[in-house]
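Trainee: model this:
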Amino acid sequence: MIATKCSPFVCRHECLAYVKELQKHPCFHGDVYEMFQFTALQVQSNSEYRAKMFYLFAQLDSCDWELWQEGNGHTGDAGGPINFGTSRRLSLSTVIASALIPLSFAIYI
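Mentor: Residues are numbered from 1 along each chain as shown. This is a model prediction of the structure:
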């Protein structure tokens, strides 16, 4: 379902609606989501699984900016709701994926 609605680094309308629905579930926000993400990214023996997890989180995080603009994410000094799960996911997956995807293409060239 995520693959048909979300693309890494591009927030599609259907993805934004899907992520909003996902975030209503307790497993997809806050500490539980952070623990899931941390655990999924710590698998070191299976690089194929790890690459798939990076890709999945890049898809899920593709609309973080739009969520932030709507006030559903970390607003920092602007005042308003702070959702630490969204801000940490944004920094973790976006930074890692933006570094690893070009690196993986460079390795194969």
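Trainee: Low-confidence stretches in this protein?
Mentor: For the chain, applying pLDDT under 70 flags the ranges 44, 72-109.
Trainee: At which residues are the helices of it located?
Mentor: 2-5, 13-22, 30-41, 47-60, 64-69, 84-108 (DSSP state H).
Trainee: Can you name the residues in contact with the second one?
Mentor: When contacts are taken as C-beta atoms under 8 Å, 6 or more residues apart in numbering, the neighbours of helix 13-22 outside the stretch itself are 1-2, 5-7, 28, 59-60, 62-63, 66-67, 72. Every C-beta, even on glycine, is put in place using the N, C-alpha and C of the backbone.
Trainee: Could you list the alpha-carbon positions for it in CSV?
Mentor: Only the C-alpha atoms of helix 13-22 are listed here, as CSV (Å, rounded to 0.1, in the frame of the first residue of the first chain):
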residue,chain,number,x,y,z
HIS,A,13,-1.4,14.0,-2.4
GLU,A,14,-2.5,10.4,-1.8
CYS,A,15,0.6,9.8,0.4
LEU,A,16,-0.1,12.8,2.6
ALA,A,17,-3.6,11.5,3.3
TYR,A,18,-2.3,8.0,3.9
VAL,A,19,0.4,9.2,6.3
LYS,A,20,-2.2,11.2,8.2
GLU,A,21,-4.2,8.1,8.7
LEU,A,22,-1.2,6.0,9.7
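Trainee: and it, which residues are buried?
Mentor: 15-16, 18-19, 22 (16 or more other C-beta atoms under 10 Å).
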